[in-house]
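> Dropping the sequence and predicted coords here.
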Amino acid sequence: MVISSLAVPVVGAPMAGGPSTPELAVAVSEAGGLGFLAGGYLTAGQLAGQIADVWNASSCAWGVNLFVPESANTFTSSYAAGPARLDGDLRARAVSKYRECLLGDADRLGVELPEPVAGDTDGWDRKLDLVLREKVPVVSFTFGLPSPAVLSELRRAGIETVVTVSDVEEAEAAMEAGADALVVQGPDGGGHRGTLDQTKEASAEDLVDLVAAVREGTSIPVIAAGGISTPVRARQVRDAGATAVQVGTALLLTPEAGTGLAYRRALKDPAHTRTAVTRAFSGRLARALETDFVRQHDDLAPAAYPEVHQLTSPLRRASAAADDPRLMALWAGTGWQVAADVPAAAVVRHIAGED
Ligand SMILES: Cc1cc2nc3c(=O)[nH]c(=O)nc-3n(C[C@H](O)[C@H](O)[C@H](O)COP(=O)(O)O)c2cc1C
């Protein structure tokens, strides 16, 4: 098993949207940790190119992360009647109302907002075929629970599977479905919270308690994620039972990461004093630097991923192209202020307490 026998128990988080690169995945794995490519948002062809780059650069184990679309998510939530749940027409209407709220920003930036496509699968079938064909050593999933059939097909191909969960109920479901390992994601992490049901309010339980609670019910490897930016915190979650820790934000400023310049500047800008969890950018809960856009749109965005992601995408792109972070999704965990512009291997060693 790859995860239970890492030389250094640090996983480089998959970070879709640019920060994850083949160079970053290789650097983390070559440092003894486990590097990841982020398959989300890429076309299958783009992901194939990145996979080839990693195979060519390293013989260490590494992984690919995929977003599970709603149509392939087999998780049945006990939160079925939660307040954020929107079905059918209600969902379409809430999305169209949010679209209207964004028109002013779109005008200002000179971009068109798309008509969202609710059933978009992010190329799920093609990406699954790709990771199977390429025999990627580890495949992790977020946003949903793949079927037992998918997980066992990957396992038969010799691929280790990891499912991202955010509470004990989800962990139990993932184990039952046949996951080889879990990413247990706490409330402090940067980027999306990988809840298996996008409409529920994610657990606010501290990561240490969450890991201990999940650990009680399982013997499979647990990777703890969310707000881990110091060796002390890494040690705490490992003492609670985590096999390894997964760090994202701590790697954002490394030279190997593909983090854009405006995003890098924002992470270092003392004008940003806090992060916030918001649905404003994608419809899913995610932690980002708190900006005016977040403050103004947080209450308005419906729990409708991927439609909200599609709606804000041209705004985020135009903002990044103008080198202006104001409408960008500046994903960051609570430990963002200690992220440093140092090689990824140094971050891996530091988090592991080896420097
Ligand atoms: C910029 C960014 C992008 C992310 N993209 C993904 C992703 O594509 N897939 C995924 O499973 N997690 C993603 N995450 C969440 C990470 O896997 C991880 O849970 C999180 O980074 C841990 O918290 P930290 O950022 O405080 O270290 C992302 C996080 C960030 C900061």
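It's in.

> I'd like the distance from the helix or strand harbouring Val131 to the chain centre, please.
Using DSSP states H and E, Val131 sits in helix 124-134. Put simply, helix 124-134 sits 19 Å off its chain's centre (CA atoms, centre = their mean, to the nearest Å).

> Mind checking if that helix is in reach of the ligand?
No. Contact of helix 124-134 with the ligand (CB under 6 Å from any ligand atom) is absent, the minimum separation being 12.3 Å. C-beta: built from backbone N, CA, C; applies to glycine.

> Name the residues of that helix that come out as buried.
By 16 or more other CB atoms under 10 Å, the buried positions in helix 124-134 come out as Trp124, Lys127, Leu128, Leu130, Val131, Leu132, Glu134.

> Tell me how far Asp107 lies from the ligand.
According to CB to the nearest ligand atom, to the nearest Å, Asp107 stands 28 Å off from the ligand.

> Return the backbone torsion pair for that residue.
Per-residue torsions, Asp107: phi -60, psi -50 (degrees, to the nearest 10).

> since we're on it, how many residues are nearby?
Neighbours of Asp107 under the rule other CB atoms under 10 Å: 11.

> And the closest residue in space to Gly353 that isn't next to it in sequence, how far from Val222?
Leaving aside its sequence neighbours, Gly353 sits nearest to Pro231 (CB to CB, 6 or more residues apart in numbering; 3.9 Å). Computed with CB to CB, to the nearest Å, the distance linking Pro231 and Val222 is 19 Å.

> now what about stretch 84-91, what contacts it?
Here stretch 84-91 makes contact (CB atoms under 8 Å, 6 or more residues apart in numbering) with Tyr79, Ala94, Ala118, Thr199, Lys200, Glu201, Pro302, Ala303, Ala304, Glu307.

> okay, Pro231 and Val222: which has more neighbours?
A side-by-side neighbour count of Pro231 and Val222, using other CB under 10 Å, places Val222 first with 26 against 16.

> what sits against that one?
Ala181, Leu182, Val184, Val211, Val214, Arg215, Gly241, Ala242, Thr243.

> Sheet partners, orientation included, of the helix or strand hosting Gln246?
In the assignment (DSSP H and E), Gln246 maps to strand 244-247. Applying DSSP bridges, strand 244-247 is found paired with strand 10-12 (parallel), strand 222-225 (parallel).

> I'd like to know which of those lies nearest to the ligand.
Across the strands paired with strand 244-247, the ligand has its closest neighbour in strand 222-225 (3.7 Å, CB to the nearest ligand atom).

> Make sure the residue nearest to Gly353 is actually in contact with Ile351.
Yes. In this structure, Pro231 is within contact of Ile351 by CB atoms under 8 Å, at 6.0 Å.

> how many other residues sit next to Leu311?
As a measure of burial, Leu311 has 25 neighbours, counting by other CB under 10 Å.

> did I read that right, it in a helix?
Yes. Counting by DSSP: H, G, I helix; E, B strand; the rest coil, Leu311 falls inside a helix.

> 6 is where my numbering starts, stick with that
All set: I'll call the first residue 6, so the last point we hit is now Leu316.

> quick one: contacts for it?
Counting by CB under 8 Å, 6+ apart, Leu316 has contacts Val100, Tyr103, Arg104, Leu107, Leu118, Pro119, Pro121.

> change it to 10 Å
Shown in contact with Leu316 (CB atoms under 10 Å, 6 or more residues apart in numbering): 100-101, 103-104, 106-107, 111, 118-121, 286-288, 306, 309.

> Ala62 too?
Contacts of Ala62 by CB under 10 Å, 6+ apart are Pro27, Glu28, Ala30, Val31, Ala32, Ser34, Glu35.

> and with 7 Å instead?
By CB atoms under 7 Å, 6 or more residues apart in numbering, the contact list for Ala62 reads Pro27, Val31.

> can I assume Ala111 sits in a helix?
Yes. If the criterion is three-state DSSP, then Ala111 is within a helix.

> Excluding covalently adjacent residues, which one is nearest to it?
Leu118 is the one closest to Ala111 (CB to CB, 6+ apart), at 5.0 Å.

> Disregarding residues adjacent in the polypeptide, which is nearest to Glu139?
Excluding its sequence neighbours, the residue lying closest to Glu139 (CB to CB, 6+ apart) is Ile56, at 5.2 Å.

> does any bit of whichever strand or helix holds that neighbour sit next to the ligand?
Using DSSP H and E, Ile56 falls within helix 49-62. No. On the criterion CB under 6 Å from any ligand atom, helix 49-62 is out of touch with the ligand, staying 11.7 Å away.

> Mind checking the pLDDT average for that helix?
Averaged across helix 49-62, the pLDDT comes to 98.

> quick one: average confidence on stretch 152-167?
On average, stretch 152-167 scores 98.

> which SS state does Glu117 fall under?
Going by three-state DSSP: Glu117 is coil.

> From Pro348, how far off is it?
From Glu117 across to Pro348, the span is 40 Å (CB to CB).

> quick one, which of these two is more surrounded?
Pro348 (14 against 8).

> Contacts only, for that one.
Pro348 is in contact with Ala32, Thr259, Pro260, counting by CB under 7 Å, 6+ apart.

> Which one of those residues is nearest to the ligand?
Thr259 (12.5 Å).

> The residue lying closest to the closest one once chain neighbours are set aside: neighbour count?
The shortest distance from Thr259 to any non-neighbouring residue, by CB to CB, 6+ apart, is to Ala349 (4.4 Å). The number of residues packed near Ala349 is 26, by other CB under 10 Å.
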